[in-house]
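Enquirer: All I have is the shape, not the residue letters:
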Ligand code: CO
């Protein structure tokens, strides 16, 4: 079942997540729920803390619609610089230019605990960095000016009120 996406700012999004040590059925269930939540919200990536689980787990969408399931990821290498217009399911409808590395090499575990390495570039590299940032407690708005960030924070406050009203 899809879970509600946590809206920024929330402590679970601004705190670093805990490494995964239990590669059991609970992890598989979390990954399935994250995928449903991501698809429902039409996202191209999602981190576990965006559905309220402070665990080092994320999904990174490929161009073909399939996803990398990344557990305990670490960025091993970074090179080049590129700017993309970036958005986030936890900061709905806000798009801002963010500079990131053009290429990254990432080491991660799959849901069985096996280690893998992947080299990504362009948009895919951007998504890897965005999701790994989430796991470290960072959201893309952290890269914006204080003024832009407070404007977005005001909009998110209004959005929270609207969402709450819909639920009540
Ligand atoms: Co995001």
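Expert: Looks like it came in fine. Since the structure is predicted, the reported quantities are computational estimates derived from the model, not experimental observations.

Enquirer: any idea which helix or strand carries residue 165?
Expert: If you go by DSSP states H and E, residue 165 is part of helix 146-167.

Enquirer: Just the strands from the chain, written as ranges.
Expert: For the chain, applying DSSP state E gives strands covering 45-47, 57-61, 67-79, 82-88, 91-100, 103-109, 115-121.

Enquirer: Rebuild the ones you listed as CSV, extending it with mean pLDDT and distance to residue 11.
Expert: Where C-beta positions appear, they are placed from N, C-alpha and C, glycine not excepted. Output for the strands of the chain, formatted as CSV (pLDDT from 0 to 100; distance: least, CB to CB, whole Å):
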stretch, mean pLDDT, distance to residue 11
strand 45-47, 98, 14
strand 57-61, 98, 18
strand 67-79, 98, 22
strand 82-88, 95, 17
strand 91-100, 96, 16
strand 103-109, 98, 25
strand 115-121, 97, 29
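
Enquirer: Quick one: closest of those strands to residue 146.
Expert: Counting by CB to CB, residue 146 lies closest to strand 91-100 out of the strands of the chain; the figure is 13.3 Å.

Enquirer: hmm, who's touching the closest one?
Expert: For strand 91-100, contacts defined as CB atoms under 8 Å, 6 or more residues apart in numbering pick out 7-8, 81-88, 125-126, 129-130, 139-141, 143-144, 148, 152, 155-156, 159.

Enquirer: That one pairs with which strands, parallel or anti?
Expert: When pairing is defined by DSSP bridges, strand 91-100 lines up against strand 82-88 (antiparallel).

Enquirer: the inter-axis angle of the strand it pairs with versus strand 103-109?
Expert: If you take axes from the mean of the first three to the mean of the last three CA atoms, to 10 degrees, strand 82-88 sits at 50 degrees to strand 103-109.

Enquirer: list the buried ones in strand 82-88?
Expert: Neighbour-count burial for strand 82-88 flags 84, 86, 87, 88 (criterion: 16 or more other CB atoms under 10 Å).
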